[in-house]
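**Q** For reference, the sequence and a predicted model appear below.
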Amino acid sequence: MSTLFTLRPTRGRAVHHTRPGVPWGTVVTLAVGMSCTSAFWLVSLAGAVGAPKRYETPTLTWAMLSLTLLPAFGAGVLGGLMLARRWFGPLLHGWTRVTVTALLVLATGTLVGVAAIAASGAYDYHLQLPHVAHPMQGMASCTGSCVPREQHEIFVLHVRGVMLVSQKLLLTNAVLVAWVVAMWGGRIKLTNRSWRQAADVEPETQPTGSLANDARLLLAGVLAGAAVVNAAVGGGNMVLALAQLVVAGLVLARFRERAVMLAAGVLSLASLGFWLWSRPLGLADVLACVLEVGALLLVWGLQRPGRLARPAPSAHTKALVALCLVASVAIGFAATGPSWFDAFGVSAAQGPDAASD
């Protein structure tokens with residue numbers, strides 16, 4: 001009997017040997033809340049001191065901005081969670097670690113929101129400068145020494161507005177994070193495991209896969225993202241966009257890699273030249289150039305396999321890179337001002353009647 005008993009297999013909880021993945025429920029919940037609150041304060045500030053042409057439909061603008069900035073806030077939240085995970089491990093114990101993690105998420109999310117508000121204020125200031133020397137109908141003219149003084153006063157007004165709204169954004173995000181954590185029972189998940197499974201995760205091992213494979217996937221994503229921004233501009237850029245999409249597919253298929261890498265580099269250089277020399281510098285131009293430079297660096301790295309002969313990064317790192325890529329594409333797309341999706345009011349601000357308002 002004792003022998004039969006000892007041979008009986010024991011039943012217990014399975015031990016997970018894989019690396020824990022990204023806690024998407026945590027990331028999405030906090031990112032959506034912060035994106036909505038930040039977009040609200042951004043529209044409120046712009047409606048008070050910004051260019052009125054950009055915000056004639058505040059509710060629709062708020063919805064568009066919330067959607068556009070969502071990947072950026074997702075990257076911010078995930079960055080804070082990754083930092084906490086690096087310090088405390090995949091499982092949090094004690095209110096001190098939960099509080100520190102909540103403060104990290106609050107800090108990273110608020111920084112993203114403040115950056116968006118500051119960028120919007122800078123763009124509004126840029127649009128308002130021409131009206132100083134050429135005032136709107138019914139306003140007194142400003143000439144001579146009045147011009148720099150008026151420009152300085154407008155600049156100070158925007159700075160004070162950004163500082164005031166940033167304080168309100170910090171307070172709003174603090175209430176949001178505290179409420180969400182309280183609804184979760186005072187806990188924050190740093191992995192995609194359930195609370196019971198998280199306790200069974202063994203010490204992390206080296207992930208499988210190759211950094212070169214991930215770089216190839218990232219190159220395809222960067223080319224596709226650049227194609228989206230080029231397509232939003234229209235015109236001759238549509239040809240570049242279509243070519244980049246085709247090359248991105250060939251990169252994934254690993255078809256004639258040397259020739260495809262050469263084509264990717266040439267297309268990225270051509271697109272980079274367009275954005276640098278054929279358009280005035282703007283937010284969309286900067287982000288498009290970043291994507292093209294990133295594609296060139298990836299092509300250069302993939303041509304030297306020895307530099308990428310390392311283990312693949314963790315799931316959290318991959319997700320953070322993917323979110324940053326999606327955020328860059330989304331903001332770059334919106335900043336081009338497509339008529340059916342103009343989150344930043346670019347079309348209205350650059351319309352033929354904008355200068356006369």
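**A** Okay, I see it. What you are looking at is a predicted structure, and each value in this text was computed from that prediction instead of being measured.
**Q** for the longest helix along the chain, which positions count as buried?
**A** For the chain, the helix that runs over the most residues, judged by DSSP state H, is helix 146-183. For helix 146-183, a neighbour-count test (16 or more other CB atoms under 10 Å) marks 150-151, 154, 158, 161-162, 165-166, 169-170, 172-173, 176-177, 180-181 as buried. Placement of C-beta: from N, CA and C, glycine included.
**Q** for stretch 257-272, same thing?
**A** Buried residues in stretch 257-272, counted by 16+ other CB under 10 Å: 260, 261, 263, 264, 265, 267, 268, 271, 272.
**Q** Need those in CSV (columns: secondary structure, pLDDT and distance to residue 90).
**A** Conversion of these to CSV gives the following (DSSP: H, G, I helix; E, B strand; the rest coil; pLDDT from 0 to 100; distance: CB to CB, whole Å):
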residue, secondary structure, pLDDT, distance to residue 90
260, helix, 93, 39
261, helix, 93, 37
263, helix, 93, 42
264, helix, 94, 37
265, helix, 93, 40
267, helix, 92, 41
268, helix, 93, 38
271, helix, 91, 41
272, helix, 91, 40
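**Q** And residue 190, what's its pLDDT?
**A** pLDDT for residue 190: 87.
**Q** how near is residue 172 to residue 34?
**A** Residue 172 sits 9 Å away from residue 34, going by CB to CB, to the nearest Å.
**Q** and if you look at residue 24?
**A** In terms of CB to CB, residue 24 sits 15 Å off from residue 34.
**Q** Name the residue in these two with the higher neighbour count.
**A** Using other CB atoms under 10 Å as the criterion, residue 24 and residue 34 rank with residue 34 on top: 30 against 14.
**Q** tally of neighbours for the residue nearest to that one when sequence neighbours are not counted?
**A** Distances taken as CB to CB, 6 or more residues apart in numbering put residue 109 closest to residue 34, at 4.3 Å, once the chain neighbours are dropped. Taking other CB under 10 Å as the neighbour definition, residue 109 ends up with a count of 30.
**Q** Can you say which helix or strand has residue 109 in it?
**A** Using DSSP states H and E, residue 109 maps to helix 95-128.
**Q** Okay, buried residues for that helix please.
**A** 97-98, 100-102, 104-110, 112-114, 116-121, 123-125, 127-128.
**Q** same for that helix, what does it pack against?
**A** Applying 3 or more CB pairs under 8 Å, 6 or more residues apart in numbering; DSSP states H and E, one finds that helix 95-128 contacts helix 24-49, helix 58-88, helix 146-183.
**Q** Nearest to residue 189, out of those?
**A** helix 24-49 (5.1 Å; CB to CB).
**Q** how far is that closest one from where the chain is centred?
**A** Between the centre of helix 24-49 and the centre of its chain there are 13 Å (CA atoms, centre = their mean, to the nearest Å).
**Q** where in this protein is pLDDT low?
**A** Residues of the chain meeting the criterion pLDDT under 70: 1-20, 133-144, 193-209, 305, 309, 348, 350-357.
**Q** how many neighbours does residue 71 have?
**A** 21.
**Q** residue contacts, it?
**A** The contact partners of residue 71, by CB atoms under 8 Å, 6 or more residues apart in numbering, come to 323, 324, 326, 327, 330.
**Q** now swap in residue 217 and tell me
**A** Here residue 217 is in contact with residue 252 (CB under 8 Å, 6+ apart).
**Q** What helix or strand is it located in?
**A** Residue-wise, residue 217 maps onto helix 211-233 under DSSP H and E.
**Q** Show the subsequent helix or strand relative to that helix.
**A** Counting by DSSP H and E, the next helix or strand C-terminal to helix 211-233 is helix 237-253.
**Q** Show me which residues of that next one are buried.
**A** Result for helix 237-253 [16+ other CB under 10 Å]: buried residues 237, 240, 241, 243, 244, 245, 247, 248, 250, 251, 252.
**Q** Dump these into JSON lines; add distance to residue 318 as well.
**A** Below are the buried residues of helix 237-253 laid out as JSON lines (distance: CB to CB, whole Å):
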{"residue": "237", "distance to residue 318": "29"}
{"residue": "240", "distance to residue 318": "28"}
{"residue": "241", "distance to residue 318": "26"}
{"residue": "243", "distance to residue 318": "27"}
{"residue": "244", "distance to residue 318": "22"}
{"residue": "245", "distance to residue 318": "22"}
{"residue": "247", "distance to residue 318": "22"}
{"residue": "248", "distance to residue 318": "18"}
{"residue": "250", "distance to residue 318": "22"}
{"residue": "251", "distance to residue 318": "17"}
{"residue": "252", "distance to residue 318": "16"}
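**Q** List just the nearest of those to residue 146.
**A** Distances from residue 146 to the buried residues of helix 237-253, taken by CB to CB, are shortest for residue 237, at 41.4 Å.
**Q** how about the nearest residue to that closest one, chain neighbours excluded?
**A** Spatial nearest neighbour of residue 237, chain neighbours left out: residue 230 (4.1 Å); criterion: CB to CB, 6+ apart.
**Q** What is the neighbour count of the one you found?
**A** Neighbour number of residue 230 under other CB under 10 Å is 30.
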